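K.L.:
predicted structure and sequence below. I'll ask about it afterward.
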Amino acid sequence: MLKWIVSGLLALSLSACAVGLVDYETPYQASVQVKNGGANHCSGTMVGQTDTTVTVLTAGHCVASDLSIVTETCGTLKVTDAFLYPVSTTDIGILKAAKNGACTVDTAAVASSVTLAEPVVVVVFPAPLGKTVAFGYVASLSSTTLNGLVFNTFELAGGPGNSGSSIFNSDGEIVGVLTGPASQGFGLIRGDRIEDIAEAIKTLQ
């Protein structure tokens, strides 16, 4: 499994200034830590809910047995079902977690489009730092890139817990799922295309 770390607060502050202001309230609230057997495992984003379940978008390689998610408003929820999106060129997973009907969560929507150089934000759970915000921009839209998109997040590199985080635009909408490092250099990550993400949520939700 891909592992992730995040550098210090100085780099985070500098990168935020570099890409301009990005509202990350929705990304922050909708992002969850995914645990496997109680241990730090991956990140994810809540994309839907009913009275009894929460739907979480994550990376396909994060799907495992004995998963739970840690939310801001509903605490820790047990994952009851986990699905892999069955398209070989993607790395998308959908989790279903049980919740109390009286508890509500914030959810994020998938963007209708993504543009080159637009600012993005990623909310990740790198061990041992806990919930961390990283800023960046869309670096490539090349269809030849594995999973379709490359994002430059300045200070984000390999370390435990970051895989599966959504990549959000300035409106708090999902434009990618963090699936691994891009080979082009430090701080570059790759993510699935929004068309595949939207279809996976529609199909598996």
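P.N.:
Here it is on my side, so go on. Note that this is a predicted model, so its numbers are computed, not measured.
K.L.:
shaky segments in the chain?
P.N.:
For the chain, applying pLDDT under 70 flags the ranges 1-23, 142-160, 181-190.
K.L.:
walk me through the domains of it.
P.N.:
4-27+109-194, 32-107+200-204 (automatic domain parsing).
K.L.:
quick one: these as a markdown table, columns for mean neighbour count too.
P.N.:
Placement of C-beta: from N, CA and C, glycine included. Output for those, formatted as a markdown table (neighbours: other CB atoms under 10 Å):
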| stretch | mean neighbour count |
| --- | --- |
| domain 4-27+109-194 | 20 |
| domain 32-107+200-204 | 19 |
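K.L.:
can you give me the helices in the chain?
P.N.:
9-19, 25-30, 194-204 (DSSP state H).
K.L.:
just how off-centre is stretch 95-109 within its chain?
P.N.:
Relative to its parent chain, stretch 95-109 has a centroid offset of 16 Å by CA atoms, centre = their mean, to the nearest Å.
K.L.:
hmm, who's touching that stretch?
P.N.:
26-27, 29-30, 34, 44-49, 51-56, 58, 63, 67-69, 71-74, 77-83, 166, 168, 172-174 (CB atoms under 8 Å, 6 or more residues apart in numbering).
K.L.:
how far does that stretch stretch from start to finish?
P.N.:
Start-to-end span of stretch 95-109 (CA to CA, to the nearest Å) is 16 Å.
K.L.:
check stretch 24-39 too.
P.N.:
Stretch 24-39: ends 26 Å apart by CA to CA.
K.L.:
any idea how far the longest strand that the chain contains is from the chain center?
P.N.:
Secondary structure assigned by DSSP state E gives strand 39-49 as the longest strand of the chain. Mean-position distance between strand 39-49 and its chain equals 8 Å (CA atoms, centre = their mean).
K.L.:
what helices or strands is that strand leaning on?
P.N.:
Counting contacts by 3 or more CB pairs under 8 Å, 6 or more residues apart in numbering; DSSP states H and E, strand 39-49 is packed against helix 25-30, strand 31-36, strand 53-59, strand 67-70, strand 174-181.
K.L.:
and the spatially most central residue of the chain, what does it touch?
P.N.:
The centroid of the chain falls nearest to S165 when counting by CA atoms, centre = their mean (1.6 Å). By CB under 8 Å, 6+ apart, the contact list for S165 reads S31, S43, G44, T45, V122, V123, V124, F125, V177, L178.
K.L.:
repeat for A117
P.N.:
Neighbouring residues of A117 by CB under 8 Å, 6+ apart: Y137, V138, A139.
K.L.:
the second one reaches E118, doesn't it?
P.N.:
Yes - using CB atoms under 8 Å, V138 is in contact with E118, at 5.2 Å.
K.L.:
which residues are common contacts for these two?
P.N.:
By CB under 8 Å, 6+ apart, the residues touching both V138 and E118 are V175.
K.L.:
how far does stretch 96-116 sit from its chain's centre?
P.N.:
Counting by CA atoms, centre = their mean, stretch 96-116 comes out at 11 Å from the chain centroid.
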